[in-house]
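S.K.: Got a predicted structure here, sequence first:
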Amino acid sequence: MVLIGCIGFMMNVLDARPRQILVDTDLDIDDIFALFYLLKQSRSEFDLQAITINANGWSDAGHAINHLYDILFMMNRDDIPVGVGGEGGISPNGTIMPEVGGYLPIIDQGMSTEGGCRYRQAIPLGLRGRLDINTNYGLRKWFLPKGRRKYIPLKQASVQQVMKDAISSGPITVFLMGTHTNFALFLMTNPHLKRNVEHIYAMGGAIRSTCSNVSDPSQPAACANIGNLFPQDSNPYAEFNIFGDPFAAYEVLHSGIPVTLVPLDATRTIPVDKNFFQAFERRRDTYEAQYCFQSLKMVRDTWFSDDFHENYCMWDSFMVGVAISQMRIQQNLEVENAFAEMEYMNITVVTSNKPYGVSDGSNPFFDGLPIPKFRLRDNGVHSGHVQMGMRDPFCEAESKGTCQDGYTEEVTGPEAVRVLVATKAKPSQDTKSSLNKEFYESFLNVLNNPEQSGRFNITTQFPHYEEIVLKPDSDMRSTGKPVVFDMDMSAGDFLSLLYLLKVPREIIDLKGIIASSTGWATAATVDIVYDVLHMMGRDDIPVGLGDAFAHGQTDPTFPAIGDCKYRKAIPQGSGGFLDADSLYGLSHDLPSSPRRYTAENLMRFGAPRNTDHPEFRQPLAVDVWKSVVKSLDPAAKITILSNGPLTNLASIIHLKNSSSVIQDIYVVGGHVGDGNERGNLFTVPSNKFAEFNMFLDPLAAKAVFTSGLNITLIPLRFILGEILGAVTLASNISHLNRTFEFKPLKILADGDESKIGEIIIDEKQGIPVKILGSINEDAYYEHFAEVLGNERQSAVLESYGELQRADTELQAGLTVVMREISNLLPLEFGLILFSLCLHMMVCIRTRQQ
């Protein structure tokens, strides 16, 4: 009896322990709602142990990581480890190396982090897509406090490291809020740790048609579309999270670990209806509730149609609510799920299309391999055609039907896995409530609970900080050369920008910046441009965003999405987008500009409706170009410096009368060799002679070089060429000993990948182009250092770290945060700017080695 009593006592102790939870998220807006809902639960009951970022979904790693750090800082949860990325790969024989970062679906994962977008191209790049998610529609910098943690190159914990640490520590439950790549890789490489995973809860998939929920069930097209991809003519079955990596979802589902799934079948029954939206607007008692509502309102205000309240659902937050209620059932705290009707179903995940066993070049698991990768079964369920993109001819062919990649299909037989599925949101138990779903009330109650709430937002973190627009002295009239800087926001481009801002305005008058997102950084990195300009006291310089896609890459009928034929060559991890989007970890320390990207917009610019503050609309590249042209003095002309793909420039020269106001164009990039020197396109081994800027948009490069304008080319052969382009444009210094030559050049813009972007000398069809031939490199470096070290036109603000310390001192009446340029000592400026430049140079050199 004593022994039985002890055992019973120990079981009660075990049941009383908080449930340990690991979350894997792509940090979409609904994921943020879900995270707050989970963070607000009592830690004695549910304890969030770790978070990993899924980097092949709706957000990009370099933005998502700092966004998440600041959310956790606001919620006083800096104790939660966060993992992102990793540089490992998968060999052709299927060997999974340590620290695979999950940037690519498993089927396309090679030995590095660059690769295509067969599934991810379903997600828009710009508006209502990754641009808006990365910035949270512009609210992230406006609202969240700046925390102590940030992404740091070479020091950031990887996804697999954080997962392994959390799962190794004991029994844990896993929440999947995006594609399943990260967790599938973990299970494939750590099968011995499966026993530590008690349960998997996932939002994703679409199992049954929800015909009965549409307003007109007689419409067969509406009834046929089970999934939520758009456009749906190639795959009407899949849902985004599962479609992002169907093979990973299959591995998770078939892992033997119990799974509870919350598919579209259930989430479509709990949309953000008008009553819930209005109730949320009235109940914003905590910082997290305010942030979530403002985010939701921006989504509504920018929604592409008038059916927001019918079609925007509580996807991941509802999944977390269902999961928490289900876990309470397991602890005998609840009898049935409080929020959803549940049903067991036998399902699988479709990873390829019939007929199986036919090699057509679409399936890297089998095509060209003597032994299928991961020893998959010939003629098995993974051996058919794998969807190649949203415009895959196989998927659109009438004779073969549509593709089903990512479909969570009900099946029988050996492929069937018994899964607990949420089928429908439960109605509210309070019949008098205006909120007709039980989870609506729970969500609002939890987010507005004063317990475990956010400590402050950015304005209450720094109560003495004011957003001030900084401009040069209005009495200083520039007589310098009017310049527009076309940058792709790589680290080298920011060095060039600092140089242009430091050159006396009697020499260079930087009129505007057009930022390209077809190069080495994503569109949301435009916020770093704003912050650098603010630091330098140049909030007067307009910044415009260029096209999201290279020429010829947009979807013909749905231009929000497109292919990544060229951009796939850029690494997504270290040395690529991860580092560029965070300015190698330095962006977090820059002073925050009052200007930032926002999704605010006007109907006259094509928006579905006017938002609350359309004056904050993000200008486009063409908007900035037109405003600069309008501001010119009579007979004045513009010089353009282009430091990235020529996407923006090609679009501008096709505008009416643009060519007549362009004086010169300086293009940094291209490789003009003798046939022995290689280009720098190291991620495309078959292409020996192209350079990245030309390869990333070859059609745009061809358009620019054949435009008849005066072009000076700064080719690949020079180290830190981005800076050299700015120096060549700005300086006429004799001791630089520059030499130029004219050669007839031709851009190869079509054909085989091994030739695209190559510049050849063609005496018959080539266009004469002025090329920088040589320069005194020592003199060039000395000149660059001299300009940056000059106290003229220096930074007027200190870094965020200084701001944080100064605000603390200000409360004691000791100092002032914002300083005029006259009060900023040259030594202080030198330390700020030199550390910025030196850090980026060291990181760049480290990556190259």
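M.R.: Yep, that arrived.
S.K.: Centre of the chain to stretch 491-509, how far?
M.R.: Chain-centre distance of stretch 491-509: 28 Å, with C-alpha atoms, centre = their mean, to the nearest Å.
S.K.: Kindly apply the preceding question to stretch 132-151 instead.
M.R.: Using C-alpha atoms, centre = their mean, the offset of stretch 132-151 from its chain centre is 13 Å.
S.K.: First-to-last residue distance for that stretch?
M.R.: 20 Å (C-alpha to C-alpha, to the nearest Å).
S.K.: So which bits of it are buried?
M.R.: 132-147, 149-151 (16 or more other C-beta atoms under 10 Å). C-beta here means a position set from N, CA and C on the backbone, and glycine is covered the same way.
S.K.: what's the burial count for P271?
M.R.: 20 (other C-beta atoms under 10 Å).
S.K.: So for it, what's the nearest residue that isn't a sequence neighbour?
M.R.: Counting by C-beta to C-beta, 6 or more residues apart in numbering, P271 lies nearest to C313, which is 4.8 Å off, once chain neighbours are set aside.
S.K.: Equivalent analysis for V543, please.
M.R.: In space, V543 is closest to I513, 4.7 Å off (C-beta to C-beta, 6+ apart).
S.K.: and that neighbour, how many residues sit next to it?
M.R.: Other residues close to I513 by other C-beta under 10 Å number 27.
S.K.: Low-confidence regions, the protein specifically.
M.R.: 1-16, 210-224, 398-401, 474-478, 674-675, 719, 799-849 (pLDDT under 70).
S.K.: if I look at the residue nearest to P271, how far off is F243?
M.R.: C313 sits 17 Å away from F243, going by C-beta to C-beta, to the nearest Å.
S.K.: in the helix or strand where P744 lies, what's buried?
M.R.: According to DSSP states H and E, P744 maps onto strand 739-747. When burial is assessed from 16+ other C-beta under 10 Å, strand 739-747 yields the following buried residues: K743, L745, K746, I747.
S.K.: chain center to it, what's the gap?
M.R.: 37 Å.
S.K.: Stretch 676-694 now?
M.R.: 26 Å.
S.K.: Residues in contact with that stretch: which ones?
M.R.: With contact meaning C-beta atoms under 8 Å, 6 or more residues apart in numbering, stretch 676-694 is reached by 112, 114, 488, 519-520, 569-571, 643-646, 667-671, 673, 675, 695, 701, 715-717, 747, 753-759.
S.K.: Which positions in it come out as buried?
M.R.: Per 16+ other C-beta under 10 Å, stretch 676-694 contains these buried residues: G679, L681, T683, V684, N687, K688, F689, A690, E691, F692, N693, M694.
S.K.: so the third one, which of the three states?
M.R.: Here T683 is recorded as coil under DSSP: H, G, I helix; E, B strand; the rest coil.
S.K.: mind listing what the regular element (helix or strand) spanning T712 pairs with, with the direction of each?
M.R.: Per DSSP H and E, T712 falls inside strand 711-714. Strands adjacent to strand 711-714 in the sheet, as given by DSSP bridges, are strand 662-668 (parallel), strand 767-774 (parallel).
S.K.: and among the ones you listed, the most buried is which?
M.R.: strand 662-668 (a mean of 22; mean count of other C-beta atoms under 10 Å).
S.K.: which is the next helix or strand following it?
M.R.: With secondary structure assigned by DSSP H and E, strand 662-668 is succeeded by helix 692-695.
S.K.: Helix or strand next in line after that next one, which one?
M.R.: Counting by DSSP H and E, what follows helix 692-695 is helix 698-705.
S.K.: Give me the residues contacting that next one.
M.R.: 550-552, 566, 642, 645-647, 649-651, 653-654, 665, 667, 670, 693-694, 711, 745-750, 756-757, 767, 769.
S.K.: relative orientation of that helix and strand 767-774 in degrees?
M.R.: 90 degrees (axes from the mean of the first three to the mean of the last three C-alpha atoms, to 10 degrees).
S.K.: could I have helix 698-705 exported to PDB, CA atoms only?
M.R.: Coordinates of each C-alpha in helix 698-705 appear next as PDB, following Å, rounded to 0.1, in the frame of the first residue of the first chain:
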ATOM      1  CA  PRO A 698      20.200  40.200 -67.200                       C
ATOM      2  CA  LEU A 699      17.300  41.600 -69.200                       C
ATOM      3  CA  ALA A 700      17.500  44.900 -67.200                       C
ATOM      4  CA  ALA A 701      21.300  45.000 -67.800                       C
ATOM      5  CA  LYS A 702      20.800  44.500 -71.500                       C
ATOM      6  CA  ALA A 703      18.200  47.300 -71.600                       C
ATOM      7  CA  VAL A 704      20.500  49.700 -69.800                       C
ATOM      8  CA  PHE A 705      23.600  49.000 -71.900                       C
END
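S.K.: Distance from it to the middle of the chain?
M.R.: 27 Å.
S.K.: Report the angle between it and strand 739-747.
M.R.: Helix 698-705 and strand 739-747 are oriented at 130 degrees to each other (the same axes, to 10 degrees).
S.K.: measure stretch 607-615 end to end?
M.R.: Span of stretch 607-615 from end to end, C-alpha to C-alpha: 13 Å.
S.K.: After the helix or strand hosting Q160, which helix or strand is next?
M.R.: In this structure, Q160 sits in helix 159-168 according to DSSP H and E. Remark: after helix 159-168, the chain's next helix or strand is strand 172-177, criterion DSSP H and E.
S.K.: what are the pairing partners of that following strand, and which direction each?
M.R.: By DSSP bridges, strand 172-177 pairs with strand 19-25 (parallel), strand 197-203 (parallel).
S.K.: which other helices and strands contact the helix or strand following that strand?
M.R.: Following strand 172-177 in sequence order, the next helix or strand is helix 181-189 (DSSP H and E). If contacts are counted by 3 or more C-beta pairs under 8 Å, 6 or more residues apart in numbering; DSSP states H and E, helix 181-189 sits against helix 159-168, helix 246-253.
S.K.: Quick one: residues in contact with helix 181-189.
M.R.: Counting by C-beta under 8 Å, 6+ apart, 24, 52, 54, 56, 96, 98, 100, 102, 104-106, 159-160, 163-164, 167, 174, 176, 193-194, 200, 244-245, 247-249, 251-252, 255, 374 sit against helix 181-189.
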